[in-house]
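In: how would this look folded up:
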Amino acid sequence: MKIAGLRWWIVGMLFLAAVLNYVDKNTLALLAPTIQKDLGLTDQHYANIQNAFQVAYTIALLGSGIIVDKLGPRMSLALFVCWWSLANTFTSLARSFMSLGVFRFLLGLGEAGNWTASPKTVSEWFPPKERGLAIGIYTAGTPIGMTLAPIFIVWLSMAWSWRATFVVTGLLGLVWLIPWLFLCRPVKSHPLLTESERAWILSSAEGGTANGSEASGWTWTQIFRQPVVWALLFGRMLSDPVWFFYQNWYPKYLVTARGLTQADVKITWIMFLAAGLGSLVGGWLAGRLIRRGVAPERARLFVMLGCAFFMPLSLMVANAPTAMQSLLFASLIVFAHLAWLTNISALVVDVVPKSSLGSVFGIVAAGSSLGAIMMNNMVAKLLRPDALTKLVQPDAYTSWYSLAACLHIAVIPMLMWFVLRRRR
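Out: Take a look at the predicted model:
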């Protein structure tokens with residue numbers, strides 16, 4: 001039996017992996033007030049636990065890229081999903097700041113691999129004009145997972161307990177492994193692939209735009225000599241903290257600064273749904289420009305430029321009169337950022353030789369993780385209680401929102417210069 005359009009089934013599995021990845025990752029953020037109270041954790045403890053995850057995530061991004069390039073995306077992604085699902089399940093056993101930090105560290109070691117194996121899979125199964133949409137589809141799993149998470153996780157925790165929530169969400173990843181190993185096999189010998197689709201993939205899905213001596217891939221020394229790699233790394237380091245803030249801190253912001261309850265936080269599904277739409281729209285827009293004859297790199301940068309002009313709305317997130325108005329402005333921002341993220345991820349696939357893609361994507365994504373660590377530390381310092389009143393100041397978040405308003409606009413000229421310069 002053959003499966004028509006098998007490559008879209010493959011990207012559907014990547015989408016589900018991303019959903020699970022972010023449900024597992026954001027269970028802690030959504031239940032933070034409850035867990036902090038149960039385990040006696042301060043906001044600084046919470047920031048340190050988030051950073052334990054990010055440190056492991058950063059280390060794993062570098063190592064997982066090498067694993068993906070060696071084992072291929074099929075087995076490496078299966079390994080990563082199994083690891084992070086078990087780590088998430090074991091989080092239910094946490095009894096203190098230290099044990100919770102250890103389990104989150106282990107989770108970070110596994111989850112990073114999803115974002116090096118997925119683009120490698122796309123490079124093997126999709127031509128350039130379809131890559132933006134394919135990356136947009138699996139990237140949409142991030143916000144869709146976060147759209148479902150506030151409803152699903154809060155319901156689970158209220159029906160049973162926060163510990164049971166980690167067990168249930170962790171076990172779902174082990175179920176995912178069964179269809180993934182069945183569907184994802186080498187293109188050349190895949191028994192379920194139609195001959196017409198196999199011919200289309202093999203003739204069109206060449207990885208990267210590198211040629212000549214670069215066609216066989218880059219060594220690690222060559223990777224770090226590429227100015228475009230550094231530009232993409234710093235691009236994500238400076239822009240991705242905006243997205244990490246809305247994942248890790250915005251639910252807490254709504255509770256502590258806007259007066260919502262733990263149960264009310266499930267309303268953030270609106271924001272994450274907007275982010276999912278942004279990833280799809282960003283990939284679709286770039287693909288439409290490419291089909292009209294625009295070079296892939298130019299098409300993606302043009303979409304990213306438009307996204308950057310949404311970011312000054314960050315100031316309205318803090319200054320909006322009501323929590324719902326704040327949430328609506330936050331939704332516009334994450335919509336634009338996910339469209340941005342889809343295209344900066346596709347740029348990596350466009351400019352890197354396929355045989356080096358896992359390693360380079362891991363290095364670039366490590367910049368994103370470092371940016372998240374810096375953001376966590378900054379926000380934790382802003383939320384430090386006043387020495388006299390022992391209370392967090394009402395405008396503690398304002399400095400962060402002001403900085404977030406200009407990060408993407410500052411990054412876009414650097415990306416345009418180095419990416420287009422390489423193309424020339």
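
In: Look through this structure and tell me its longest helix.
Out: helix 128-159 (DSSP state H).

In: and that helix, average pLDDT?
Out: Taken as a whole, helix 128-159 has a mean pLDDT of 79.

In: got the buried residues for that helix?
Out: For helix 128-159, the buried set under the neighbour-count rule, 16 or more other CB atoms under 10 Å, comprises 128-150, 152-154, 156-157. In this view, the C-beta of every residue, glycine as well, is placed from N, C-alpha and C.

In: ok, now stretch 223-233?
Out: Residues 223, 226, 228-233 are the ones in stretch 223-233 that count as buried (16+ other CB under 10 Å).

In: Just to be sure, which of those residues are found in helices?
Out: Using DSSP H, these in helices are 223, 228-233.

In: and these as JSON lines, adding pLDDT?
Out: Converted to JSON lines, those look like this (pLDDT from 0 to 100):
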{"residue": "I223", "pLDDT": "84"}
{"residue": "V228", "pLDDT": "89"}
{"residue": "V229", "pLDDT": "90"}
{"residue": "W230", "pLDDT": "92"}
{"residue": "A231", "pLDDT": "92"}
{"residue": "L232", "pLDDT": "92"}
{"residue": "L233", "pLDDT": "93"}
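
In: What ranges does the stretch 1-150 of the chain have for its helices?
Out: Along the stretch 1-150 of the chain, the segments classed as helices by DSSP state H, counting those that start in this stretch run 6-30, 32-39, 43-71, 73-90, 97-111, 114-125, 128-159.

In: oh sorry, the question was meant for the stretch 251-400 of the chain
Out: Applying DSSP H, counting those that start in this stretch to the stretch 251-400 of the chain gives helices spanning 269-291, 296-308, 314-319, 323-351, 357-382, 398-404.

In: closest one to P179 among the ones you listed?
Out: Closest approach to P179 among the helices of the stretch 251-400 of the chain is made by helix 269-291 (21.5 Å; CB to CB).

In: Next, count neighbours for R292.
Out: By other CB atoms under 10 Å, 8 other residues sit near R292.

In: let me fix that: V351
Out: Residues lying near V351 (other CB under 10 Å) number 22.

In: where does it sit relative to I373, distance-wise?
Out: When distance is defined by CB to CB, to the nearest Å, V351 is 26 Å away from I373.

In: With N319 instead?
Out: Using CB to CB, one gets 27 Å for the distance from N319 to I373.

In: With neighbour numbers in mind, choose between those two.
Out: Set N319 next to I373 and count neighbours by other CB under 10 Å: I373 wins out with 21 against 13.

In: Not counting its neighbours along the chain, what's nearest that one?
Out: The shortest distance from I373 to any non-neighbouring residue, by CB to CB, 6 or more residues apart in numbering, is to Q54 (4.6 Å).

In: looking at it, the one you found is touching M375, isn't it?
Out: No: contact criterion CB atoms under 8 Å: Q54 and M375 do not qualify, at 9.3 Å.

In: that older thread, would you single out the least confident of the helices of the stretch 251-400 of the chain?
Out: When these are ranked by mean pLDDT, helix 357-382 comes last with a mean of 83.

In: what angle sits between that helix and helix 323-351?
Out: Interaxial angle, helix 357-382 versus helix 323-351 (axes from the mean of the first three to the mean of the last three CA atoms, to 10 degrees): 150 degrees.

In: Does anything pack onto helix 357-382? Which helices or strands?
Out: Judged by 3 or more CB pairs under 8 Å, 6 or more residues apart in numbering; DSSP states H and E, helix 357-382 is in contact with helix 43-71, helix 114-125, helix 220-223, helix 227-248, helix 323-351, helix 398-404.
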